[in-house]
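>>> here is a sequence with its predicted model. Questions after.
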Amino acid sequence: MRFGRRQFELVFLCLSLACAVPELGARKKDNPADSSAAQQKRAVHALNRLTFGPRPEDVPQVMAIGVEKWIDLQLHPEKITDGALDARLASLRTVHMSSNAIAEEFPDQQMILQVINGKKPMPSDPAKRAVYRVQIARLQERKERKAEAALPNPPANDANSAENNASAASTHSNTSLETTSNAASDSDSMKTGSAEAVSPSTSGDDNSMSATAVSKPSPAEEAEARRREERLYADLSVQQLVDLAPEQRYKKILAMSEDEQLALADSLRGGKGQEFLAGLDMRQKETLLAMNNPQGVVADELAQAKLLRAVYSERQLEEVMADFWFNHFNVFVGKGADRFLINTYEQEVIRPRALGKFEDLLVATAKSPAMLFYLDNWVSVGPNSAQALGIPARPMGRYGPYGRPYPPRYPRPNVNAGRRQNSGLNENYGRELLELHTLSVNGGYSQRDVTEVAKVFTGWTIDKPFEGGGFRYNPRTHEPGPKFVLGHRIKPRGEDEGREVLHRLATSPQTAHFISLKLAQRFVSDDPPPALVDRLAKTFLKKKGDIREVLATLFHSPEFWAEDTYRAKVKTPLEFVASAMRATGADAEDALPLTRQLSNMGMPLYGAQPPTGYSMKAEAWVSSSSLLNRMNFALALTNGKIRGVKVDAVHLAKNSAQPADSTGALSVMETSLLAGDVSKQTHDSILAQIQQAEKNAPGMNQKTDQGKPTEPVRAADAGTIAGLLLGSPEFQRR
């Protein structure tokens, strides 16, 4: 079945209009006396809210064990085995690596500069060495090109000018590399500014750590890349490499010269080179991809892992809460060292505490290198700290030579003599801690509180951030003296000052209300009843921030089960894609194309630049363009047009109790994909398009007395019907 442009636009218009209607009328109303139908609706609602969407087999299973028991089981994920998911994640190596290992194996520009300047050795492993060689060659090319551009044009009649300028460029380039390395080390270690302002797409600095700087070369670089690729095709015959057995092909690539590897890496840019990767194991594929963009490999595998967990994990509530808390304590993957710090942040900070105590989660995020880097607290320096005043470090602690104590105060030295540039006090984390993480924007704090909190957290920094180091407290950058936060005097106690402030915030009634409100917005409605939020806040305070207890109160509340909450929440793009995969039983052998789809829908995973993260409200996701993107994805998914993802749409349409034609398939799939919750408008719109398409299709206009085609449903028919249902307003809501 093929849909013409006019027919498709008509269907889409109908569905778009229906999606704007707050309440959906089911084609078949539940009979209040029918306890089975009521239990099914209850199970569907629980699955829609506590998971990323029900699978066809989930509804009867939840009904069999009982909705209440199933909810309790989801609240205790440690009781649920998840071996199938573990098998799918096994091939994503970086997901299981430490930040330090990722920084070394998938180097950024800082790491490359250290190797160039002899501060770190070149890796001996051939695979790692190939990655470093290509990145070094690219960096040197950029430096040489920049140096050449800075030189005056040589006189046309000077035969020796070109040679002299080339020599000067080479010398200048070598000097520039070393000088830039030192400058980058100093400037990056003291970088300040808001997290919102830091974007890999806006940085024009050659020393920017942006992956975009590598993936989007200048026109001159593209021209040079094309020339290298042409040389590679001429000298090595790329097709001959493809024709080799995978192991031989990989060995041949590792044995190439530096120029050949660079040309090959350039040829793999822009999503090309799938034929090169065919047959290689994951480690070999990672090496070839890392030669092109090392940090892109890490970001891609991180996004794939998140989507695979959302689709295939049996611990669905845990995945929902991990996503909720990551969004609440958002960190942007595109900012500097966070490209390799964010994996540990999610796996070791967010996930283990997703259903634990809020205070534990708050403290863990505050000390996380990913958060410290993202909100620039790692470079925050107290204005009266030892470092800011230029006071030299005491080599022997509190006591000088012969055990004599140092005087109470050093005489102030000349702070301008040999002093390292001071970044000053940075208020980014202090502000977001109060506004977004705890009290909320209306939480009763002032600008003075923001400044005082920022002083409290001076000294909370990172040990070797560009090498994947951990949390470190530096007393030399900590602001001395007492602080005054929210009317409380914080005694000068160094690192413990931060713990005291975090405790006060975690136990504040304003925080309890704010967190309860956000949980109610996620699980109930965009504008939840105030009475529900108040009850959740009471549980939060009574149970000392126990997230599991707050959720239990929420899931047993009458507001959660109210009639007007059923399919009332618009799905985010992540929820939509994951629920479509789960509803259709899709098998993702490669999740990367799916993450690309999410980017097209405006929700690149880990790609929210502002600390607010992604919105949970409908207004952020309902528009004509976003609905069109969702419809296109749904049709592509069910018709097998997404690489690496398999969906058996015909299997979804089969049911022995129903005729196997397209009209019967629609009825069957309304039940399997949406539990029969389809409005008359949606049903009639899809049915009309099916009948019109069948009437116009060659060989499909033979009708029975009932007006149904005599031909059985085909794969194309089933795929289109399933896609239209996934794109319907009913499926857009949970």
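That came through fine.

>>> pLDDT score for the nearest residue to Thr451 once chain neighbours are set aside?
Of all residues not flanking Thr451 in the chain, Glu427 sits nearest, at 6.2 Å (CB to CB, 6 or more residues apart in numbering). Just so you know, the C-beta spots here come from the backbone N, C-alpha and C atoms, and that holds for glycine as well. In this model, Glu427 is scored at 97, pLDDT.

>>> in this structure Glu427 contacts Val450, no?
Yes - counting by CB atoms under 8 Å, Glu427 does reach Val450; the two are 5.5 Å apart.

>>> please tell me how far the residue nearest to Thr451 sits from His437.
Distance, Glu427 to His437, using CB to CB, to the nearest Å: 14 Å.

>>> neighbour-wise, which of the two wins?
The neighbour comparison of Glu427 against His437 (other CB atoms under 10 Å) goes to His437, with 25 against 22.

>>> that one: what's it in contact with?
Neighbouring residues of His437 by CB atoms under 8 Å, 6 or more residues apart in numbering: His328, Phe329, Leu362, Thr365, Leu505.

>>> let's see that with 10 Å instead.
His437 is in contact with 328-330, 358, 361-362, 365-366, 371, 429, 502, 505-506, 511, 514-515, 611, counting by CB atoms under 10 Å, 6 or more residues apart in numbering.

>>> just the ones in helices from these, please.
Counting by DSSP state H, the part of these found in helices is 328, 358, 361-362, 365-366, 371, 429, 502, 505-506, 511, 514-515.

>>> return the member of those residues nearest to Leu244.
Nearest to Leu244, judged by CB to CB, of those is Met371 at 46.1 Å.

>>> may I ask which of the ones in helices among the contacts of His437 has the most neighbours?
Most surrounded of the ones in helices among the contacts of His437: other CB under 10 Å gives Met371, at 29 neighbours.

>>> identify the residue spatially nearest to it, adjacent ones excluded.
Thr365 (5.2 Å).

>>> same check on Asn377?
Leaving aside its sequence neighbours, Asn377 sits nearest to Tyr429 (CB to CB, 6+ apart; 4.0 Å).

>>> relative to Gln295, how far out is that neighbour?
Taking CB to CB as the measure, Tyr429 falls 24 Å from Gln295.

>>> how about Phe332?
Computed as CB to CB, the Phe332 to Gln295 distance reads 13 Å.

>>> and if you look at Lys542?
Distance from Lys542 to Gln295, by CB to CB: 45 Å.

>>> what residue spans form the domains of the chain?
According to automatic domain parsing, the chain comprises the domains 5-70+569-732, 100-153+165-199+206-297, 299-393+424-506, 509-565.

>>> what's the least confident stretch among the ones you listed?
Ranked by mean pLDDT, the domains of the chain end with domain 100-153+165-199+206-297 in last place, scoring a mean of 70.

>>> mind checking the end-to-end distance for that domain?
16 Å (CA to CA, to the nearest Å).

>>> now do stretch 604-623
Across stretch 604-623, the terminal residues are separated by 18 Å (CA to CA).

>>> circling back: turn the ones in helices among the contacts of His437 into CSV, columns for distance to Phe523.
Listed next are the ones in helices among the contacts of His437 as CSV, based on distance: CB to CB, whole Å:
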residue, distance to Phe523
His328, 14
Phe358, 16
Leu361, 18
Leu362, 21
Thr365, 22
Ala366, 26
Met371, 25
Tyr429, 28
Leu502, 26
Leu505, 23
Ala506, 21
Thr511, 19
Phe514, 15
Ile515, 13
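
>>> closest one to Lys128 out of those residues, please.
Closest approach between the ones in helices among the contacts of His437 and Lys128, by CB to CB: Met371, at 29.0 Å.

>>> quick check: that closest one vs Asn474, distance?
For Met371, the distance to Asn474 - CB to CB - is 16 Å.

>>> and the residue nearest the centre of the protein?
Tyr606 (2.1 Å; CA atoms, centre = their mean).

>>> surely it touches Val333?
Yes - in this structure, Tyr606 is within contact of Val333 by CB atoms under 10 Å, at 3.8 Å.

>>> quick check: neighbours shared by these two?
Ala299, Leu302, Ala303, Arg339, Ile342, Asn343, Tyr345.

>>> wait, which of these is closest to Ala591?
Proximity of the shared contacts of Tyr606 and Val333 to Ala591 (CB to CB) peaks at Ala303, which lies at 8.0 Å.

>>> tell me the gap between the strand or helix carrying that closest one and the middle of its chain.
In this structure, Ala303 sits in helix 294-312 according to DSSP states H and E. The chain centroid and the centroid of helix 294-312 are separated by 8 Å under CA atoms, centre = their mean, to the nearest Å.

>>> and the helices in the stretch 401-550 of the chain?
In the stretch 401-550 of the chain, the helices defined using DSSP state H, counting those that start in this stretch lie at 428-432, 447-456, 495-506, 509-523, 530-542, 547-555.

>>> buried stuff in the first one?
By neighbour count on 16 or more other CB atoms under 10 Å, the buried set for helix 428-432 is Asn428, Tyr429, Gly430, Arg431, Glu432.

>>> burial check on the nearest residue to Glu258 once chain neighbours are set aside, number of neighbours?
Nearest residue to Glu258 in three dimensions, chain neighbours excluded: Arg133, at 5.0 Å (CB to CB, 6+ apart). Neighbour count for Arg133, taken as other CB under 10 Å: 21.
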